[in-house]
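J.: Pasting the sequence and the predicted coordinates here, then a few questions.
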Amino acid sequence: MSKTYLVTGTAGFIGFFVAQRLCGQGHYVVGLDNLNDYYDVGLKETRLALLQQQANFRFARMDLADRDGIAKLFASEKFDRVIHLAAQAGVRYSLDNPLTYVDSNLLGHMTILEGCRHHKVEHLVYASSSSVYGMNKKCRSPQRIPWITLFPFMRRQKSQ
Ligand SMILES: NC(=O)c1ccc[n+]([C@@H]2O[C@H](COP(=O)([O-])OP(=O)(O)OC[C@H]3O[C@@H](n4cnc5c(N)ncnc54)[C@H](O)[C@@H]3O)[C@@H](O)[C@H]2O)c1
């Protein structure tokens, strides 16, 4: 049975392939992305152009931190499932642009969680970052993170 999906980060590396696969399976997909310039915007636009050839794909250019916009999108589209892949990646970039991480990865993550909660989305999948695990070779279990994460904004947690 076909479902209605929200795929965030749809112009990104993983989100593009996920949206393409879901469209190919006959699902209706709303792809969300802010098309930021963290890397080549032309590459993101090329991916989007391919997705927009599918009749069952719609693009929403929006920022995760846009609380009202995200809330309206959830209210209008009635998503069955959400695949949340939009995020600000990059460890070095976070040293110079910490607020981008707060907006996209913390506030932005909450807007998606709130949309799912208020609209009773049946399933949410999201991607974390492998950088959370740092360089530790022994422990790969999310339940036992050794707190040597590479992200400066997550190290704060350790001191508490
Ligand atoms: N690619 C990998 O090898 C890898 C490995 C581990 C985890 N991940 C995680 O998977 C997820 C997707 O990775 P990717 O490689 O596709 O990344 P990507 O950077 O190619 O794609 C992310 C997309 O999200 C969009 N985006 C970023 N901030 C946004 C915001 N505030 N609002 C709306 N859109 C925004 C970007 O424009 C981009 O198109 C990320 O959470 C990443 O940390 C990726």
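T.: That came in fine, so what should we check first?

J.: Which positions in the protein make contact with the ligand?
T.: 9, 11-15, 33-36, 44, 63-65, 85-89, 104, 108, 127, 129-130 (C-beta under 6 Å from any ligand atom). C-beta here means a position set from N, CA and C on the backbone, and glycine is covered the same way.

J.: out of those residues, which are inside helices?
T.: Within these, residues falling in helices by DSSP state H are 13-15, 44, 108.

J.: Could you dump those into JSON lines and include neighbour count?
T.: Output for those, formatted as JSON lines (neighbours: other C-beta atoms under 10 Å):
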{"residue": "Phe13", "neighbour count": "13"}
{"residue": "Ile14", "neighbour count": "13"}
{"residue": "Gly15", "neighbour count": "25"}
{"residue": "Lys44", "neighbour count": "23"}
{"residue": "Gly108", "neighbour count": "24"}
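
J.: Buried only: go through the residues of the chain next to the ligand for me.
T.: The neighbour-count test (16 or more other C-beta atoms under 10 Å) marks 9, 11-12, 15, 33-34, 44, 63-65, 85-89, 104, 108, 127, 129 as buried among these.

J.: Please name the nearest non-neighbouring residue to Tyr126.
T.: His84 (3.9 Å; C-beta to C-beta, 6 or more residues apart in numbering).

J.: check contacts around the closest residue to the ligand within the chain.
T.: At 1.9 Å from the ligand, Gly12 is the closest residue in the chain, using C-beta to the nearest ligand atom. Counting by C-beta atoms under 8 Å, 6 or more residues apart in numbering, Gly12 touches 33, 44, 47, 85-86.

J.: how about the helices in this protein?
T.: Per DSSP H, the chain carries helices over the ranges 13-24, 41-51, 67-77, 91-96, 98-101, 108-118, 152-155.

J.: and the fifth one, what other elements does it pack with?
T.: With contacts taken as 3 or more C-beta pairs under 8 Å, 6 or more residues apart in numbering; DSSP states H and E, helix 98-101 sits against helix 91-96, helix 152-155.

J.: hmm, back to that, let's have the helices of the chain in CSV, adding mean pLDDT.
T.: As requested, those are arranged in CSV below (pLDDT from 0 to 100):
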stretch, mean pLDDT
helix 13-24, 98
helix 41-51, 98
helix 67-77, 98
helix 91-96, 86
helix 98-101, 90
helix 108-118, 96
helix 152-155, 56
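
J.: Good, we can wrap up now.
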